[in-house]
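In: Structure of the sequence below:
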Amino acid sequence: QVQLVESGGGLVQPGGSLRLSCAASGSIFSLNNMGWYRQAPGKQRELVASITSGGATNYPDSVKGRFTVSRDNAKNTMYLQMNSLKPEDTAVYLCHASVTSLVIGVPRLGDYWGRGTQVTVSS
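Out: Next up is the predicted model:
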């Protein structure tokens with residue numbers, strides 16, 4: 001099994017910054033693509049940043065230039081630096097990872113989600 005734990009959320013004023021972390025642990029042979037999603041009340045879950053194992057990143061236009069995703073493969077951790085935060089960025093932020101595990105020596109691919117961390121942008 002693999003666990004993803006997010007941290008770093010909180011309350012911040014408009015224009016402020018937060019840095020989220022997602023730590024992966026458990027039966028990990030390799031961490032593949034990872035991503036940050038967010039879900040606001042009454043809205044669909046949306047991707048806000050993704051990063052491949054090689055470090056290639058992708059962002060939607062709504063956060064491009066404000067959010068930066070990175071990862072430390074040695075620590076099995078992904079980060080999301082969020083700057084110039086807006087009230088519309090308020091949501092629960094969830095971490096996702098595609099993980100290869102070894103099950104009795106056989107590689108198996110699985111998708112995992114964290115439980116999320118609340119980000120609230122308000123004055």
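In: Does the residue nearest in space to the middle of the chain fall in a helix, a strand, or a coil region?
Out: The centroid of the chain falls nearest to Trp36 when counting by CA atoms, centre = their mean (2.9 Å). Here Trp36 takes the strand state, with states given by DSSP: H, G, I helix; E, B strand; the rest coil.
In: shouldn't it be in contact with Ala49?
Out: Yes: at 4.7 Å, Trp36 and Ala49 qualify as touching, with contact defined as CB atoms under 8 Å. Backbone N, C-alpha and C define where each C-beta goes, glycine included.
In: Please enumerate the strands of this structure.
Out: 2-7, 10-12, 18-26, 30-39, 46-51, 57-58, 67-72, 77-82, 91-103, 106-113, 117-121 (DSSP state E).
In: Give me whichever of those strands is most buried.
Out: strand 77-82 (a mean of 22; mean count of other CB atoms under 10 Å).
In: What helices and strands are in contact with it?
Out: For strand 77-82, the contact count by 3 or more CB pairs under 8 Å, 6 or more residues apart in numbering; DSSP states H and E identifies strand 18-26, strand 30-39, strand 46-51, strand 67-72, strand 91-103 as packing neighbours.
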